[in-house]
Each structure stands twice: as structure tokens, then as C-alpha cells.
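J.: One predicted model, sequence on top.
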Amino acid sequence: MPPQRTYRADALVLRSVPLGEADLLVTLFTRESGKVRAVAKGARRSTAKLVGHLEPLTVTRLALSRGRSLDVINQAETLENFTPLKTNLTAVTRGLQVAELVDGFGSEASPNEPLHSLALSTLAAIGQAPDDELPLLHFQLHLLAVSGLMPELQNCVECRRDIEPDRHRYSADGGGVFCPDCTPDQAGLRPLSLRALKVLRLLARSRAADLPSLRLEPVLTQELKAILTGTVQYWLDKEIRTNSFLNHLAQDQTRRQIPR
Amino acid sequence: MTLEHLPSAAPSLARLIQELNKLPGIGPKSAQRLAYFIIRLPEEEAFDLAAAITAVKQTIMFCGQCQNLTDASPCSICASSQRNREQICVVEEPLDVLALERTHCYRGLYHVLHGVLSPLNGVGPDQIKLRELFARLSDGAVKEVVIATNPTLEGEATAMYISRHLAGGNVKVTHLARGLPVGGSLEYTDELTLSRAFQGRQAVE
């Protein structure tokens, strides 16, 4: 039986870019069929009914028609707007990184419900704690997990022995932690502190909705960011674009906190 | 589209089609139609079109103050003694200046950013004219910055960045109201726009 000409979908809007005179080209991540690119005709006109429902980082219930190359959005209704997230510059940039990574790891016409749920619960968690780095770090680790790329954090990747405190190494390329006896010839091999390993294991066991309240020292946060961003970027095989603006905001914040 | 894709067209015609094809929203078919339209134009009109393109490229520059496109710096708005020099309205693009000027309700100066912060596309503060804006505000003459970026996620992020940068200073930062468009409909309005419209409700006179 041929697929129906029209269908409904609950989607997270990942990005929307102008198309032609007044249309929008929208990249959606739907629960039902993964990533979908669709056009919203006339959506950029000020009286358009669709545009407010198609802003990035909005969960929208859509009615679409299948097109030859792009589907067409006929109706849209906001289900979740993540308003707290959108009123904080750092939080909205972290949210955009979630959208960027879902866009990078999600596939068209390939549903990935765990990734859909993870993205939504992460956006809610970022909105609840806009100054906390943990929700984004948790997202990066679980993004790897739901993509089948979870790094090994319990045993040595090579010999499978238990990891000894403070003597292990980490490699994104190698797929996780290595014991001191197994040092593969890999350029990306880096030290991994025991505290960072413990936080990674804790994050791996946690859900975005009830993340532990940890107060991480800046050095430890930097180490975790370097490990997770490095691993995600390794698998993404390109630069994470939102990172440079996040780093700029962090430096700006530090400058403001240092009294002159 | 390359010249090799137009083997049967005369080289000069193929080149025109190729150049027109580079314009936004112009596909190969539209480029061909426009090229044949130009060929059929009276010679004088075609040369006027070419001269207009040449002139605009030779004379248009950024205004040294507001960064708007102009053929003289400072531009006519920045040079006017009739404008309120204590107000600067920050917009994304030069076309936004034209839209606001059509309202005849704003008599201050402008600052054109030539874009918005777009973390997803790698556009940061150094890629738009933010540094020039903050430099203009450094002498303390400006009392109010009116942020008129588009009410999109990226426009709002840019507004938040400007507001954060100016926090604690002597400049009042305001933002154009968000709400319902004239001719719009409550039924189809998204909840964020509606809640902002509600927050910004005003007494009926």
C-alpha cells in the first residue's frame, strides 16, 4: 500500500532557514520517522499562522503533506515551547547545541525514539537549571549511548581488566578507557582523572529529568567538557559550531566576575 | 551551473545566464528567462541596468557611524540635525531601516548589525557589527538603545547579548514590543507570542 499523502507528526524543530520570498525550510526531528525536512509556505509573512510554532527548540504537532523532494507543513500547534530556556542566552545556546547534535546524529526516515526523548528531557533540564553545565554533558554522553557509540567506562577496552584509579587513559578513537599496561598507539590518548571517571559513570546511570546536584570544580568541568566534546566531535567528524559561541560566553562571564 | 552546461548558447549569453544564476532565488530556468528578457530589452534599457549595477558597486559603502549602506559617509540619517542623537535603534539589516522609516514614528539614529548571532551557523559577535555598536556607545552621548532585531530565536539571542553587554551602564536598553500582528488571529497565534502580547497589554484610551 503506498504511503498516505498526508500525515501527522510530533516534532522538535531543529532549525529553520528562509527559503525563497516568504517560505521557511524547517528541519524537524519527529518521534515517528526521525529527521524530516519540510517547507512552510508563506511562513515569514507577519500574519502567517505557522511561523510562531516553527521556531527552533519548539515541540510542535504538525500536519504535513508528502512532497516530491520536501514535505509541506499545513498545520502546526505548539506542544512545548521551553520558555525558561529561551530567556537565558547561555541556556538557549546550549539548547541550540542539542539541536545541532540531534541534526548531526539523527537520520532521515529513520526513527530514533530514545534520541527524541533524550533531546526533549535535556531541553527541559537546561531550562530548569540555566547555569548548570551538567544537562549538556549528560546529553553528550547519552547521545553517544543512543547512537551505539557509548565509550567503555568500566573495564580496559583492550584487556577487559578493571580500571585502576588514576592510572588509566582515555581515547575517543579507541572507544573508552585503557589500563596502564595497554597503551595503544593512538594520538588521542589522554589522561583521565578518577573524579572525571566517577562523574562520567554517574552521568551514564542518571536520567536527564533527575540529574544529581553536583557542584563541579571548574577544572573538573573543563576536563569533562574536553572528553565529551572531543568524543562527540570525533564521531560527528566535524566541528561543533555552537561550541565557539558557548566558549565566548564562558570567557565573557569569567571576565565579568574578575574585579578590575 | 557552469558554462559547460550551456553548450548551445553563445559564450556571452551563457556567461550572463551563469551570472544571473548566482542571484538568490534564481534557478537555472529563471536565469535563462531573465537572460532572454535582457536580450530583448531596448539597448538603452539594458545599458542602464548594467550602469546601475556598476554604479552601485562603485559608490555604495558602509556609513562610518550606523553601518547602513550609503553613497556618502555619514549617511543622510546620521548627518541630519533633525534626528534625536540620544537614541539608537539596532536592526539586523538595511531593509529594516527602510521599514522603520516608513512608520514615521521614530526620529532617532540607527545601527545596522548586518546579521544576527547564529551559533548554529558559526556567526559570533565578531562576524556582525556589534563591536562598532559598542564603540559608538562608549562616549556616553547615547541614552537609549532600542533593540529591533526580529522576534526569532537568533534575533532574541542577539538582543540578550547586547542587553547583557550593556548591563550596569548608563544606557537604557529597550526592546520593540512583541505581540499580535494587525490582521492576525488569536486562534492561530502561538502561545509564546500570545503570552508576550498579554504581558504587554495596555490601557484602552
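T.: That came in fine, so what should we check first?

J.: alpha carbons only for contacts and neighbour counts from here, please
T.: Will do.

J.: Which pLDDT value belongs to residue 105?
T.: Just so you know, I chose chain A. Listed pLDDT for A:F105 reads 94.

J.: I was thinking of chain B, sorry if that wasn't clear
T.: Per-residue confidence for B:C105 comes out at a pLDDT of 93.

J.: separation between it and B:A79?
T.: 19 Å (CA to CA, to the nearest Å).

J.: So between the two, which is more surrounded?
T.: B:A79 (13 against 8; other CA atoms under 10 Å in any protein chain shown).

J.: which ones are touching residue 67?
T.: Let's take chain A. Listed by CA atoms under 8 Å, 6 or more residues apart in numbering or on different chains, the contact set of A:G67 is empty.

J.: was after chain B, sorry
T.: With contact taken as CA under 8 Å, 6+ apart, B:Q67 is in contact with B:H111, B:V112, B:L113, B:K129.

J.: Please look at the last one and B:V112 and confirm they touch.
T.: This means B:K129. Yes - when contacts are counted by CA atoms under 8 Å, B:K129 is listed as touching B:V112 (7.2 Å).

J.: Comparing these two, which residue is more hemmed in?
T.: Taking neighbours as other CA under 10 Å, B:K129 and B:V112 compare with B:V112 leading, 27 against 18.

J.: Domain parsing of the chain, as residue ranges.
T.: Using chain A here. A:6-80, A:84-257 (automatic domain parsing).

J.: The intended chain is chain B.
T.: As given by automatic domain parsing, the domain ranges for chain B are B:3-58, B:84-203.

J.: Nearest to A:A11 among these would be which one?
T.: A:A11 lies closest to domain B:84-203 among the domains of chain B, at 15.5 Å (CA to CA).

J.: wait, what's in contact with the residue in chain B positioned nearest to chain A?
T.: The minimum distance from chain B to chain A, using CA to the nearest CA, falls at B:P119 (4.6 Å). Applying CA under 8 Å, 6+ apart to B:P119 gives the contacts A:T93, A:L96, A:R241, A:T242, A:N243, A:S244, A:F245.

J.: What is the nearest of those to A:V26?
T.: Of the contacts of B:P119, the one sitting nearest to A:V26 (CA to CA) turns out to be A:L96, at 14.5 Å.

J.: Number of residues surrounding the closest one?
T.: 24.

J.: Quick check, it in contact with A:N243.
T.: No - taking contacts as CA under 8 Å, A:L96 lies outside contact range of A:N243: 10.0 Å.

J.: what ranges of chain B fall below the confidence cut-off?
T.: B:1-8 (pLDDT under 70).

J.: all strands for it, in order.
T.: Ranges of strands in chain B, per DSSP state E, are B:61-62, B:69-70, B:84-91, B:108-112, B:144-147, B:172-175.

J.: Can you tell me which of the ones you listed is most buried?
T.: For the strands of chain B, ranked by mean neighbour count under the definition mean count of other CA atoms under 10 Å in any protein chain shown, the leader is strand B:108-112 at a mean of 25.

J.: Paired strands for that strand, with orientation please.
T.: Strand pairing for strand B:108-112, determined by DSSP bridges: strand B:84-91 (parallel).

J.: the helices in chain A, which residues?
T.: For chain A, applying DSSP state H gives helices covering A:83-86, A:89-105, A:113-128, A:134-146, A:194-205, A:218-236, A:242-257.

J.: tell me what the first one is packed against?
T.: In terms of contacts (3 or more CA pairs under 8 Å, 6 or more residues apart in numbering or on different chains; DSSP states H and E), helix A:83-86 is packed against helix A:89-105, helix A:113-128.

J.: Alpha carbons only: can I get it in PDB?
T.: What follows is helix A:83-86, C-alpha atoms only, in PDB (Å, rounded to 0.1, in the frame of the first residue of the first chain):
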ATOM      1  CA  THR A  83      10.200  29.300  27.600                       C
ATOM      2  CA  PRO A  84      12.600  29.300  30.600                       C
ATOM      3  CA  LEU A  85      15.400  28.100  28.300                       C
ATOM      4  CA  LYS A  86      14.700  30.800  25.700                       C
END
